[in-house]
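Asks: coords below, sequence missing:
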C-alpha cells in the first residue's frame, strides 16, 4: 500500500464539528471512517501476506522457524506505516472519499 501524501503517524486532536460538517451527523462520519479504515487495513493485510508468502516453506515447524533480513525489513516497513484510521481521516478531511447513504439516488 503506497501512501502518496504525508499522513501523521500519531493521533492529533480534531474538532468534532469539523469532522461532522460534510455529513451533518457525527455518527454517519464515524461509520464512513470505520468502513474506509477497514478497507485500508484489509488491503494492507493482503499485500503483506503476499510479500511474506515468498519466505514460507513447507518444512517449517515451530522449532525451525528461520527469519531472514528481508522478511524483517518488510515487517518493519508495514509497522511504520500510518494506521488505517489515520489514513481514512486524512482522506475524509481532504474530500477524497466518495460515500452515499442508503436510499440516496445517483
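Replies: Received the coordinates, thanks. Being a predicted model, the structure only gives us computed values, none of them experimental. Numbering: from 1, shown residues only.
Asks: Can you pull out the low-pLDDT segments for this protein?
Replies: Within the chain, the ranges that satisfy pLDDT under 70 run 1-5, 56-67, 104, 106.
Asks: repeat that with 80
Replies: By pLDDT under 80, the weakly predicted segments of the chain are 1-6, 8-11, 54-69, 101-106.
Asks: For residue 20, see how far away the residue most central in space within it is.
Replies: Centroid-nearest residue in the chain: residue 84, 2.6 Å away (criterion: Cα atoms, centre = their mean). To residue 20, residue 84 is 21 Å away according to Cβ to Cβ, to the nearest Å. No exception for glycine: its C-beta is placed from N, CA and C like everyone else's.
Asks: Is there a neighbour count for residue 101? I'd like the number.
Replies: Counted with other Cβ atoms under 10 Å, residues neighbouring residue 101 total 10.
Asks: For the closest residue to it other than its chain neighbours, grab the count of nearby residues.
Replies: Nearest residue to residue 101 in three dimensions, chain neighbours excluded: residue 28, at 7.1 Å (Cβ to Cβ, 6 or more residues apart in numbering). Residue 28: 14 surrounding residues under other Cβ under 10 Å.
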